[in-house]
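Student: Predicted structure and sequence below. I'll ask about it afterward.
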Amino acid sequence: ADKNVKTLDWHSGVTSGPLKDSPVHTNITTDPDQVAQYSVDEVKGDSAKAAGVIIFTDSHYEIALKKSAFMEKAIRQCSHCETLEIIDLDLSEETSIAQKRIKQLLDKYGSQWTHSLAINDRYFDFAAPVFATYEKDFPMLIKNISAGDGSYSAYLRIKYGGLQYATIPEPLLLQGWQLIDELNRLFNDKPPSNYVSPTIIITEENILKEVNKNNLFDPLNHYRKTYMNSWKVDN
């Protein structure tokens, strides 16, 4: 900032586009409020008469707190939903410690715990082995929803195990292309595009359509061709 160096960032803040009072010329991310809303909608639209929700977040990250605060507020507005607890659990926590915490939650809430909302798939990497061995059939009743990520392991859980109900992926390849486009704009003294990556929720119903054979969410919106045309590069 002191040397007036402009940066192009991925997930450096809670909003997309330029970050005020910083050297960040453009920050690239999906809309955290929309991502959180999509995840909560899955809970509110569930046919369960009562939804007991545990929210997993990581206070080291501003965007994580923004998502979890939005989710907590939205759950309070749902007549048949209750936030059982908000768990601040470091995404880089040791697996054994994280799994011990999840076991404690299962002991504490039992069948009251019907839904999980997390700011990242990593929490279900921790939880899946615990759910799978804790008690016969009980863990399968918990609908685990990740408000952001779209990891390889999450897609496998959604496809085959049932230990994760949904994830909302970041379109990583598209965002990489956008970073290059924003660089081109900066080099040519053009303003940021202010483009925001699309938000989509992946469940068992649409995963085979939306997630490719390499287990990646890569939007089918012809973004490569569009960018290359705008850069005047031969396709």
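Tutor: Good, I have the coordinates. All of these numbers come straight from a predicted model, not from anything done at the bench.

Student: Check the separation of the first and last residues in stretch 71-91.
Tutor: End-to-end distance for stretch 71-91, by CA to CA, to the nearest Å: 18 Å.

Student: what comes into contact with it?
Tutor: For stretch 71-91, contacts defined as CB atoms under 8 Å, 6 or more residues apart in numbering pick out 36-37, 39-40, 43-44, 48-60, 68, 98, 101, 105, 109, 112-113, 117, 120, 122-123, 126, 147. No exception for glycine: its C-beta is placed from N, CA and C like everyone else's.

Student: try it again with 7 Å
Tutor: Contacts to stretch 71-91, defined as CB atoms under 7 Å, 6 or more residues apart in numbering, come from residues 36-37, 39-40, 43-44, 49-60, 68, 98, 101, 109, 112-113, 117, 120, 122-123, 147.

Student: and the residues you listed, which of them are in helices?
Tutor: Mapping the contacts of stretch 71-91 onto helices (DSSP state H) picks out 36, 37, 39, 40, 43, 44, 68, 98, 101, 109, 122, 123.

Student: Wait, the last one touches residue 56, no?
Tutor: Pointing back at residue 123 there. Yes. Between residue 123 and residue 56 there is a contact at 4.4 Å, judged by CB atoms under 7 Å.

Student: between these two, which one's more packed in?
Tutor: Between residue 123 and residue 56, counted using other CB atoms under 10 Å, the more crowded position is residue 56 (30 against 27).

Student: how would you label residue 229: helix, strand or coil?
Tutor: When classified by DSSP: H, G, I helix; E, B strand; the rest coil, residue 229 comes out as helix.

Student: nope, residue 92 is what I was after
Tutor: Relying on three-state DSSP, one would call residue 92 coil.

Student: Tell me how far it lies from residue 58.
Tutor: According to CB to CB, to the nearest Å, residue 92 stands 9 Å off from residue 58.

Student: what about those two, which has more around it?
Tutor: Between residue 92 and residue 58, residue 58 has the larger neighbour count (other CB under 10 Å), namely 21 against 9.

Student: pLDDT at the more buried one, what is it?
Tutor: Looking at residue 58, its pLDDT stands at 97.
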